[in-house]
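Q: build the 3D model from these lines:
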Amino acid sequence: MSSRASRPYHHGNLRDALVDAGVELARSGGPDAVVLRAVSRQAGVSHNAAYRHFADHDELLAAVAARCMAEIAHLMAERTRAVRVRDPALRARARLEAIGRAYIDFAVGEPGWFRTAFAGHPARSGESAAPPPEDDPYALLSARLDELVEAGVLPAERRPGAEQAAWSMVHGLSGLLTSVYCQGLETGEPRLYRALCDLTDRIVASAEPGSAYGFRDHTMALFKRHSMEQFGYFVPTEKKDGAGEKLIYILSHKNKQAQEASFKDFRADPEWLKVKADSEANGSLTIKDGVQSTLMAPTDFSPAQ
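A: The predicted model follows:
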């Protein structure tokens, strides 16, 4: 992985040289390797010289952590720019997935820097201002979530607090992948990509009971309980067709009488009544005209009968 972390040292720029040295040490040794004596030695200066720029170990570590955090942001921004999708809704989702994948790839590819990025308190870094957006993963994540709202994928009312949900999901997965329990699992494996897409879908859906994931986690089992054969579940990809708002599903019944009996039992099921009440605590989640149903029969030439 290429890095902007290393910069040539020259006299008169000792503070940056010390941070550079700390970053190099952190790359292989993580935050535990960032100590004043080792950093001074790496930079080729005396131990006392370092104290002219850093009051203590914590201040040095915070500065190195800020640089490592910026490296995460640079990869996220690079992956964002690489997305080439014309449709606004699909592009917004792809860019969110891209920064999530970048975050995980960084954690796995640069575990020392990744651990160091979260080891120092920003207030101790010696920087008087907040980092610029291009150096701040949180700012980049916020921009991607705003883009989802602008594209009509994420409802505006579900936008507040989405950063915390998104970051905790991807950071948790990254932490697992860099732990001893998951050694040997490559980020290029299809199952990891599916896991990341699943996290993206959960962020977009807000993981509410009434969302598409509510069907997966609750309603599908209830349909099965009441003898409804499930053919498939689909979501529109175009905003004009209801992307981010509509779920389309196909169920199979023996006949109209069986369909009516199954739904009568389904609507009276205590578990469904609880799920429905929980999902509509803040208002109905169905479309304006309610759930729309269409009874269909296969043609004699239909592959599906």
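
Q: which strands and helices sit next to the longest helix anywhere in the chain?
A: When the chain is parsed with DSSP state H, its longest helix is helix 57-82. Secondary-structure packing of helix 57-82 (3 or more CB pairs under 8 Å, 6 or more residues apart in numbering; DSSP states H and E): helix 14-29, helix 36-43, helix 88-109, helix 111-117, helix 137-150. For the C-beta atoms, the positions are set from N, CA and C on the backbone; glycine is no exception.

Q: how about the fourth one as PDB, C-alpha atoms only?
A: Pointing back at helix 111-117 there. Taking C-alpha atoms only, helix 111-117 is exported to PDB below (Å, rounded to 0.1, in the frame of the first residue of the first chain):
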ATOM      1  CA  PRO A 111      -2.600  -3.400  11.100                       C
ATOM      2  CA  GLY A 112       0.100  -1.400  12.900                       C
ATOM      3  CA  TRP A 113      -1.200   1.900  11.500                       C
ATOM      4  CA  PHE A 114      -4.800   0.900  12.000                       C
ATOM      5  CA  ARG A 115      -4.300   0.200  15.700                       C
ATOM      6  CA  THR A 116      -2.200   3.300  16.200                       C
ATOM      7  CA  ALA A 117      -4.900   5.500  14.600                       C
END
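
Q: which strands and helices sit next to it?
A: Partner elements for helix 111-117 (3+ CB pairs under 8 Å, 6+ apart): helix 14-29, helix 57-82, helix 88-109.

Q: what mean pLDDT does that helix get?
A: Averaging pLDDT along helix 111-117 yields 93.

Q: repeat for the first one
A: For helix 14-29, the mean pLDDT works out to 88.

Q: that one vs helix 36-43, what angle?
A: 100 degrees (axes from the mean of the first three to the mean of the last three CA atoms, to 10 degrees).

Q: from the chain's centre, how far out does the longest helix of the chain sit?
A: 17 Å (CA atoms, centre = their mean, to the nearest Å).

Q: that helix to helix 36-43, inter-axis angle?
A: 60 degrees.

Q: could you pull out the buried residues of helix 57-82?
A: In terms of neighbour count (16 or more other CB atoms under 10 Å), helix 57-82 has its buried residues at 57, 59-77, 79-80.

Q: before we move on, back to that, the helices and strands packed on helix 57-82: which one's closest to residue 297?
A: When the helices and strands packed on helix 57-82 are compared by CB to CB, helix 88-109 sits nearest residue 297, at 33.0 Å.

Q: what is that closest one packed up against?
A: Looks like helix 88-109 contacts helix 57-82, helix 111-117, helix 137-150, helix 162-177, helix 190-205 (3+ CB pairs under 8 Å, 6+ apart).

Q: end to end on stretch 234-241, go ahead and measure it.
A: In stretch 234-241, first residue to last residue: 12 Å (CA to CA, to the nearest Å).

Q: and that stretch, what's buried?
A: residue 235.

Q: about what we covered before: the helices and strands packed on helix 111-117: which one's closest to residue 133?
A: Among those, helix 57-82 sits nearest to residue 133 (CB to CB), with 8.3 Å.

Q: report the angle between the closest one and helix 137-150.
A: 30 degrees.

Q: what about the helices in the stretch 151-300 of the chain?
A: Taking DSSP state H, counting those that start in this stretch as the criterion, the stretch 151-300 of the chain contains helices spanning 162-177, 190-205, 212-214, 220-225, 256-268, 270-279.

Q: out of those helices, which gets the lowest mean score?
A: If these are sorted by mean pLDDT, helix 212-214 sits at the bottom with a mean of 56.

Q: so what's residue 91 closest to, chain neighbours aside?
A: residue 85 (4.0 Å; CB to CB, 6 or more residues apart in numbering).

Q: many thanks, have a good one.
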